[in-house]
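# Dropping the sequence and predicted coords here.
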Amino acid sequence: MRKSFAVLCFALATALFPGYSAVADESSTSRYIVRFESEGLKIKNPDHETFVSHLQQNLRKNMAGLPGIVKSPMKANVTPLWIANSFAIDATEAQIEKIARLPNVAEVVRSEYRIYVDKDINKKAVKADPAVIQWSVQKVRAPEVWQNFRIDGAGVVVGVLDTGIDGKHPAFEGKLLAFKDFTLDASPEPTDTQGHGTHVCGSIAGSQGVGVAPGARLIVGRVFDNKGGTTEDVLLAGMQWMLDPDGMPETSDSPKLINNSWGSNDSTSKTFWVAVENWVQAGILPVFAAGNNGMWGGKVGTPAAFPHSWAVAATTQTDALAYFSSQGPVAWDGAPLMKPDVAAPGDKIISCAIGGGLVSNSGTSMACPHVAGVAALMYQADPTLTIEQARLIAEETAKDLGAAGKDGKFGSGLIDSYKIVEKILQNSGLASAFAAYESVIHTEKALVGMQPVSPLAAPLARSIIERSCTLDDGQFRALAISVAQNGGEASQALLKEATSTRLAREIHR
């Protein structure tokens with residue numbers, strides 16, 4: 001049986017620091033992150049197993065030279081962070097200096113506690129009719145997509161890194177596929193004692209009129225404490241988990257996109273650059289909040305400011321820029337880069353509260369999940385979209401609110417899910433959805449195993465059948481030929497159901 005990567009790293013830690021579990025070094029230690037020079041994978045569009053295995057093998061190879069460098073016994077507490085070709089370690093200054101001198105080490109930084117989630121802005125409990133669709137969801141035109149295109153995010157998995165999620169909130173019933181707590185609480189059950197993550201998750205996929213993509217499903221990593229803070233190594237561990245939730249590279253279980261309603265006010269930090277870069281290479285769209293430093297004239301923070309991150313600004317109910325929304329442009333290596341990329345409602349947003357009920361909150365943290373929800377609608381419309389295509393279509397169809405073209409306040413403008421999905425469907429057919437159905441079945445098996453009720457594949461199947469019933473006879477024949485020639489066993493079975501449904505409706509018309 002193949003040993004897990006964690007077991008191999010434990011063995012390496014033991015070799016690196018003999019007897020570390022029994023004897024503590026008398027010298028003072030600190031937590032450090034050691035990053036090696038990255039080695040790109042030369043294969044274009046690698047599959048999940050190939051890419052994750054490549055990252056893990058890179059780190060193993062780079063760490064192989066360490067045991068001969070540091071010989072003092074200590075409590076190493078080594079954490080592999082292959083998502084960034086790094087590892088975290090408790091070490092003395094003398095020990096870390098030796099490691100830093102290795103030729104393959106790119107940098108060594110102290111892992112420190114920082115606040116990444118801003119304090120709540122204008123937060124207050126509200127009473128709202130759950131049958132009413134909230135203004136922010138209507139503003140991005142999601143209900144029109146549900147009704148006219150029969151697309152609500154079904155079959156799309158969205159990752160969320162935040163303060164957690166209230167798994168008992170009725171708006172999330174059947175929607176949480178996986179949860180992991182990286183904080184000191186290490187709760188085995190889905191939890192959120194701060195509320196930020198629950199609010200964010202609600203805006204993505206919540207029912208009760210708060211979610212943009214209520215048919216989508218969630219995997220949630222709790223990486224921030226009650227103050228909205230964490231250390232870099234914990235956050236990197238959460239980012240790594242998102243790339244391989246079940247710890248088995250051979251199963252393709254990563255989300256299609258990840259919502260990140262967090263960041264720093266530093267527009268130049270590259271701490272998470274490689275991790276986000278690897279998300280993108282793995283085909284995961286990284287959606288980031290632009291930051292709430294606009295009232296002080298602050299620039300878009302990182303990681304939102306990265307070229308490979310999709311940065312979201314916040315707007316009000318009247319389409320004005322929210323006073324707190326951070327602005328651009330930013331610069332990398334002396335070259336200017338226009339940020340943010342798009343805008344979405346982020347002022348006085350009503351979504352889920354911990355303990356049940358609804359709460360109003362404001363921030364680019366609230367705008368970010370609206371864009372993530374729209375992205376889920378996009379990927380249901382065409383699961384084969386590349387990240388570049390998804391971003392391009394969304395920005396081309398956005399409502400320009402500021403200076404003509406992309407600007408440093410609204411980016412390309414207010415995101416419009418109806419125009420996006422309409423354009424996508426003009427260029428793609430249902431055949432890609434059948435192909436995605438095959439993949440979704442495997443993803444569901446990896447994340448939740450066999451369930452009495454299918455939480456991911458079944459909703460997508462219903463959506464595909466409904467969409468197939470809107471096709472004319474010629475379009476459906478073309479679809480049937482494509483699925484028959486290229487589809488797998490599950491797709492063939494789904495096509496039979498779609499055919500039967502169309503026939504039944506024709507008979508009873």
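Good, I have the coordinates.

# Mind jotting down where the strands sit in the stretch 1-150 of the chain?
30-36, 79-81, 86-91, 105-110, 113-115, 121-126 (DSSP state E, counting those that start in this stretch).

# buried residues in the longest one?
Neighbour counts using 16 or more other CB atoms under 10 Å place Arg31, Tyr32, Ile33, Val34, Arg35, Phe36 of strand 30-36 among the buried residues. In short, each C-beta sits where N, CA and C put it, glycine included.

# from those, which single one is nearest Ile284?
Among those, Arg35 lies closest to Ile284 (CB to CB), at 20.3 Å.

# how close does the closest one sit to Ala84?
6 Å (CB to CB, to the nearest Å).

# just Cys201 next, same as before
25 Å.

# cool, Glu388 as well?
Applying CB to CB, the value for Glu388 to Ala84 is 23 Å.

# For these two, indicate the residue with more neighbours.
Ala84 (25 against 9; other CB atoms under 10 Å).

# Can you name the residues that contact the residue sitting nearest the centre point of the chain?
Closest residue to the average C-alpha location of the chain: Ile258 at 0.8 Å, with CA atoms, centre = their mean. Counting by CB atoms under 8 Å, 6 or more residues apart in numbering, Ile258 makes contact with Val158, Gly159, Val160, Leu161, Met242, Trp279, Ile284, Leu285, Pro286, Val287, Ala372.

# Check Ala343 too.
By CB under 8 Å, 6+ apart, Ala343 lies in contact with 312-315, 321, 325, 367, 398, 401, 410-411, 413-415.

# would it count as being in a strand?
Yes: per DSSP: H, G, I helix; E, B strand; the rest coil, Ala343 lies within a strand segment.

# Dig out what it forms beta bridges with.
Beta-bridge partners recorded for Ala343 (DSSP bridges): Ala313, Leu414.

# Mind pulling the model confidence for it?
Ala343 carries a pLDDT score of 98 in this model.

# With secondary structure, distance to Trp296 and pLDDT added, can I get the contacts of Ile258 in JSON lines?
Shown next, in JSON lines, are the contacts of Ile258 (DSSP: H, G, I helix; E, B strand; the rest coil; distance: CB to CB, whole Å; pLDDT from 0 to 100):
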{"residue": "Val158", "secondary structure": "strand", "distance to Trp296": "31", "pLDDT": "98"}
{"residue": "Gly159", "secondary structure": "strand", "distance to Trp296": "30", "pLDDT": "98"}
{"residue": "Val160", "secondary structure": "strand", "distance to Trp296": "27", "pLDDT": "98"}
{"residue": "Leu161", "secondary structure": "strand", "distance to Trp296": "25", "pLDDT": "98"}
{"residue": "Met242", "secondary structure": "helix", "distance to Trp296": "31", "pLDDT": "98"}
{"residue": "Trp279", "secondary structure": "helix", "distance to Trp296": "29", "pLDDT": "97"}
{"residue": "Ile284", "secondary structure": "coil", "distance to Trp296": "32", "pLDDT": "97"}
{"residue": "Leu285", "secondary structure": "strand", "distance to Trp296": "29", "pLDDT": "98"}
{"residue": "Pro286", "secondary structure": "strand", "distance to Trp296": "25", "pLDDT": "98"}
{"residue": "Val287", "secondary structure": "strand", "distance to Trp296": "24", "pLDDT": "98"}
{"residue": "Ala372", "secondary structure": "helix", "distance to Trp296": "26", "pLDDT": "98"}
